[in-house]
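[1] can you look at this prediction? I've put the sequence above it.
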Amino acid sequence: MKKNPDQRDWIETLEKAGELVTLTKPVDPSTEMGALLYKARDKALFFKNVKGFPGWKALGMAPGNLRQAALAFGVPIEDVIREFSKRGKNLIKPVVVDDGPVCEVVTEGDQVDVTKFPAHIAGVRDGGRYITSGLIIARDPDTGILNMSFHRMMIKGPRRLGLLLVPRHLYQIFRKNEANNKPTPISVMIGNHPMFYFAAAYTGAADLDELDLAGALLGEPVQVVKCATNDLHVPAFAEVCFEGQILPGVREEEGPFSEFQDYYISGTGMNPVIQVDRVMMRKDPIYKEIQNGSEVEGCIYHKIPMSTAMYERLQTVGGFTDLVNVMILPGIFAAVVQLKQRFKGEAKNVLMGALSSQYLHPKVVIAVDEDVDIFNPADVLWAINTRVNPASDVFIVDNTRIHPMDPTGVEVVKPGNPLGWSRMGSKMGIDATKPPISEPEARAEFERIRPINPDIRREDYL
Ligand SMILES: Cc1cc2nc3c(=O)[nH]c(=O)nc-3n(C[C@H](O)[C@H](O)[C@H](O)COP(=O)(O)O)c2cc1C
Ligand SMILES: [Mn+2]
């Protein structure tokens with residue numbers, strides 16, 4: 001069987017496209033790497049020499065921007081969301097294989113030492129070194145269905161990790177097991193093709209196995225190897241995997257952590273704990289660092305799956321909308337939706353849908369037409385400037401549940417509460433569309449200027 005595309009193939013793709021910078025001098029993951037990653041918004045970074053961690057290399061900010069994300073999908077930026085949605089419709093089940101590069105080096109029990117992973121410190125106030133690129137695979141004890149999701153893990157000791165569980169699928173699985181005083185068996189994957197990361201951050205129904213979605217995005221079944229200490233499996237072409245358990249009835253201080261919105265407000269407090277039982281990795285492992293924050297790698301993994309899930313949902317508002325595109329804006333608490341509005345009022349319905357979707361994050365959503373470049377914030381601001389009548393095109397809904405990491409909200413339920421953690425705030429829709437297709441005369445007033453001969457080339461006149 002042909003191997004799955006993996007992190008090494010992705011490094012090659014980046015290199016060929018001129019998107020990779022290789023750092024050959026020693027870089028300290030605790031004091032130097034975070035800033036190098038945070039500032040590397042133009043290029044992916046390949047660390048050949050990780051100070052204090054002989055034998056390891058590391059990759060970060062890959063993808064660090066939407067251009068590189070589009071490269072991973074092999075389509076132009078404007079088409080990424082539609083492409084994700086199209087591929088995601090054909091889920092492909094993993095196939096079990098006997099062996100894979102991730103099985104090359106195995107440590108078990110007291111030999112295990114995750115402090116040897118070259119995990120970096122992302123920000124000055126972070127509680128320690130964090131595994132930021134771990135995708136946790138777990139099985140729902142009722143349905144038997146697997147789940148794969150992103151979770152930060154704070155390194156506390158050779159076999160001990162702190163964990164943040166925002167109340168979604170893994171949290172539900174963990175709570176079901178904990179109610180019976182049982183540990184939650186988990187397996188964790190670190191370092192693979194970006195499609196694994198995009199799949200893990202997509203919010204679907206609880207019965208979606210995100211490894212099936214990773215297969216769909218790759219266009220082939222993910223090859224997995226069986227784990228030894230639990231009944232889970234992990235991708236055979238990952239760089240590093242480990243097995244362990246989330247302990248029932250145990251909570252310890254965890255955080256703070258540099259989060260996606262560019263703040264340290266991050267659910268710091270008494271959070272669950274993982275015990276690590278077994279580690280598998282390649283003999284020449286390439287670790288994966290993910291810098292979180294606004295407009296860095298962690299944000300790219302949020303933006304694309306969130307935009308896709310929202311795009312799929314908003315197509316059905318009012319039965320049907322002629323939706324063109326969706327993109328989450330910096331900080332993730334805002335989004336722009338692009339549509340061809342047929343009737344007056346349709347854009348506002350879409351805005352209400354976007355403000356109350358499967359995601360708590362968006363509190364400001366802007367609707368624009370097809371003639372606005374949603375990847376250029378200046379163009380979106382132009383649409384707000386020239387197409388919004390504030391008295392009739394802006395609405396605010398107060399006292400709504402917003403994302404718990406949004407500092408503008410009032411914390412009504414603190415982290416550690418069994419129900420989860422919650423903040424209350426408000427939501428705003430901005431209808432920056434021009435009059436709808438059903439009103440051609442009014443719409444014509446908003447025709448954008450265009451020069452004659454738009455394809456003319458300056459080079460031909462030098
Ligand atoms: C870079 C990144 C880091 C994330 N870190 C966490 C985390 O620490 N805890 C958490 O609960 N969710 C985290 N998430 C969000 C979840 O992975 C995401 O919502 C996912 O859809 C949840 O999976 P589920 O739908 O199967 O519950 C993170 C997402 C990204 C993109
Ligand atoms: Mn899930």
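    Looks like it arrived, so ask away. Ligands and ions are numbered 1, 2, ... in the order given.

[2] residue ranges of the helices in the stretch 1-150 of the chain, please?
    Applying DSSP state H, counting those that start in this stretch to the stretch 1-150 of the chain gives helices spanning 7-16, 33-39, 66-73, 80-88.

[3] can you put those helices in CSV and add distance to ligand 2?
    Bear in mind the C-beta positions are built from the backbone N, C-alpha and C, glycine included. Shown next, in CSV, are these (distance: least, Cβ to the ion, whole Å):
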stretch, distance to ligand 2
helix 7-16, 23
helix 33-39, 27
helix 66-73, 21
helix 80-88, 13
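
[4] just say helix, strand or coil for the closest residue to residue 262 other than its chain neighbours.
    Nearest residue to residue 262, sequence neighbours excluded (Cβ to Cβ, 6 or more residues apart in numbering): residue 294, at 4.2 Å. What DSSP: H, G, I helix; E, B strand; the rest coil gives for residue 294 is coil.

[5] and residue 294, how many neighbours?
    Using other Cβ atoms under 10 Å, residue 294 is surrounded by 17 other residues.

[6] and if you look at the one 10 residues further on?
    For residue 304, the neighbour count with other Cβ under 10 Å is 27.

[7] which residues touch it?
    66, 69, 80-81, 84, 198, 201 (Cβ atoms under 8 Å, 6 or more residues apart in numbering).

[8] confirm that it sits in a helix.
    Yes: under three-state DSSP, residue 304 falls within a helix.

[9] how near is it to ligand 1?
    According to Cβ to the nearest ligand atom, to the nearest Å, residue 304 and ligand 1 sit 9 Å apart.

[10] how about the closest residue to ligand 2 within the stretch 51-200 of the chain, nearest residue that isn't a chain neighbour?
    Closest residue of the stretch 51-200 of the chain to ligand 2, Cβ to the ion: residue 169 (3.7 Å). Leaving aside its chain neighbours, residue 169 sits nearest to residue 147 (4.6 Å; criterion: Cβ to Cβ, 6+ apart).

[11] which strand or helix spans residue 154?
    strand 153-157 (DSSP states H and E).

[12] return the set of buried residues in that strand.
    153-156 (16 or more other Cβ atoms under 10 Å).

[13] in CSV, list the residues you listed along with distance to residue 182.
    Listed next are the buried residues of strand 153-157 as CSV, based on distance: Cβ to Cβ, whole Å:
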residue, distance to residue 182
153, 20
154, 23
155, 25
156, 22
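
[14] hang on, the earlier thing: do I have it right that the residue of the stretch 51-200 of the chain closest to ligand 2 meets residue 206?
    Yes: counting by Cβ atoms under 8 Å, residue 169 does reach residue 206; the two are 5.3 Å apart.

[15] which of these two has more residues huddled nearby?
    Taking other Cβ under 10 Å, residue 169 and residue 206 do not tie; residue 169 has more neighbours (21 against 13).

[16] close to ligand 1: what parts of the chain are there?
    Applying Cβ under 6 Å from any ligand atom, we find that the chain lies next to ligand 1 at 147, 149-152, 164-166, 168-170, 200-203, 290, 292, 298, 301-302.

[17] since that was my last question, I'll sign off now.
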